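> mind looking at a prediction? Sequence and model below.
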Amino acid sequence: MKVHLHIGVHFTNTTRLLKAVRKNERVYRRHDVIVPPVTAYRAQIDDMVQRLNGQPAAPEDSEAFLETLTAGQTDASGLIMIDERWSGPLEQAFEERMLYASIADRVRRVANVFSGSDVRLSMSIINPATFVGSLLDKGRAAGQANWFTKHVPAHEVSWLPCIDRIQEALPDVPITLWTEEDAPLVWVRILRHLGDLGDDVTMRSPLSAVRSMLSHEGSERLYAYAQKFPPTTTEAFERIALAFLDKYEQVDIVGPAEGIPGWDEDDLEEITAGYDEDIAALSKRDGITVIQPQQVAEDLGLNQ
């Protein structure tokens with residue numbers, strides 16, 4: 001059985017993803033993929049991780065847990081579970097002068113619960129500058145974030161060490177990545193990928209991620225447009241998403257008004273450029289799939 005674990009990270013709208021997956025529960029079930037409620041696995045996995053103490057679960061224990069999660073559905077081919085807490089507490093996101101230094105060990109322990117299964121990981125990443133700005137906006141782990149921005153040079157800020165550690169800890173586990181910035185454009189592809197579904201499978205509310213980012217007017221116009229001209233291909237979904245985001249996206253200012261302590265404008269530009277380089281490098285790496293938009297830009301007559 002394919003066991004797909006989505007591991008976060010923070011500020012990448014994991015709640016939105018969880019809601020979309022749950023909304024498509026019947027679609028997944030028709031293809032023998034189970035989406036158990038979070039209450040069916042969060043505490044249970046935490047308990048098993050603690051009891052296993054880093055060791056793989058005995059086959060009979062893993063099988064018994066899978067049977068519980070699938071409600072005994074013997075023909076289930078896949079299982080989708082989502083919990084950003086598997087990436088660790090925010091307070092530990094800046095240890096060892098890097099992003100999420102301890103995530104690999106945490107995820108390895110979770111994967112050990114499903115020993116004998118075909119475990120898959122997915123993870124959404126975000127521009128580190130936006131990540132830190134969002135964290136300071138929320139007032140959480142501000143001390144750790146301020147230390148990080150003051151002591152780690154901009155050119156050292158990268159997702160690569162974090163992903164390196166995950167691959168080293170779980171060398172045989174495939175990883176799927178996408179960026180928070182691109183998620184609305186590739187939303188339907190993300191939902192299909194989690195269930196290993198084909199491009200011909202129709203997902204419910206495929207434009208919901210886009211609508212959540214638009215002004216009220218834009219959201220209403222997108223709904224009306226999709227009702228009149230329902231997109232039937234992946235390219236059509238991405239073309240519509242891009243057009244409406246270009247015209248109606250409601251951009252929130254992220255970060256404290258006085259800026260991010262320790263990072264000036266040049267630093268932010270360097271971090272953003274490095275982030276783009278990280279994505280390009282990861283997209284070429286063995287064992288990793290990066291879901292990226294197909295560069296489609298077409299005028300849909302929205303200015304008329």
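Yes, it's here.
> the helices in the stretch 101-250 of the chain, which residues?
103-112, 128-138, 142-151, 160-169, 187-194, 208-211, 216-228, 234-248 (DSSP state H, counting those that start in this stretch).
> tabulate those (CSV), appending mean neighbour count, mean pLDDT and distance to L268.
Glycine gets a C-beta too; all of them are placed from N, C-alpha and C. Listed next are these as CSV, based on neighbours: other CB atoms under 10 Å; pLDDT from 0 to 100; distance: least, CB to CB, whole Å:
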stretch, mean neighbour count, mean pLDDT, distance to L268
helix 103-112, 20, 98, 24
helix 128-138, 21, 90, 5
helix 142-151, 16, 93, 10
helix 160-169, 18, 98, 19
helix 187-194, 23, 96, 27
helix 208-211, 20, 94, 25
helix 216-228, 14, 94, 27
helix 234-248, 19, 91, 22
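> could I get the ones you listed as JSON lines with distance to R22?
Output for these, formatted as JSON lines (distance: least, CB to CB, whole Å):
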{"stretch": "helix 103-112", "distance to R22": "20"}
{"stretch": "helix 128-138", "distance to R22": "24"}
{"stretch": "helix 142-151", "distance to R22": "31"}
{"stretch": "helix 160-169", "distance to R22": "26"}
{"stretch": "helix 187-194", "distance to R22": "11"}
{"stretch": "helix 208-211", "distance to R22": "12"}
{"stretch": "helix 216-228", "distance to R22": "21"}
{"stretch": "helix 234-248", "distance to R22": "20"}
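> out of these, nearest to E270?
helix 128-138 (9.5 Å; CB to CB).
> and the contacts of the closest one?
Identification of contacts with helix 128-138 by CB atoms under 8 Å, 6 or more residues apart in numbering yields 9-11, 90, 93, 99, 126, 141-142, 145-146, 148-149, 157-159, 180, 254-256, 260, 263, 268, 271-272, 275.
> and the strands in this structure, which stretches?
Remark: strands assigned in the chain by DSSP state E are 2-6, 33-34, 78-82, 118-125, 175-179, 288-290.
> quick one: mean pLDDT over the fourth one.
Going back to what we said before, that points to strand 118-125. What strand 118-125 shows for mean pLDDT is 98.
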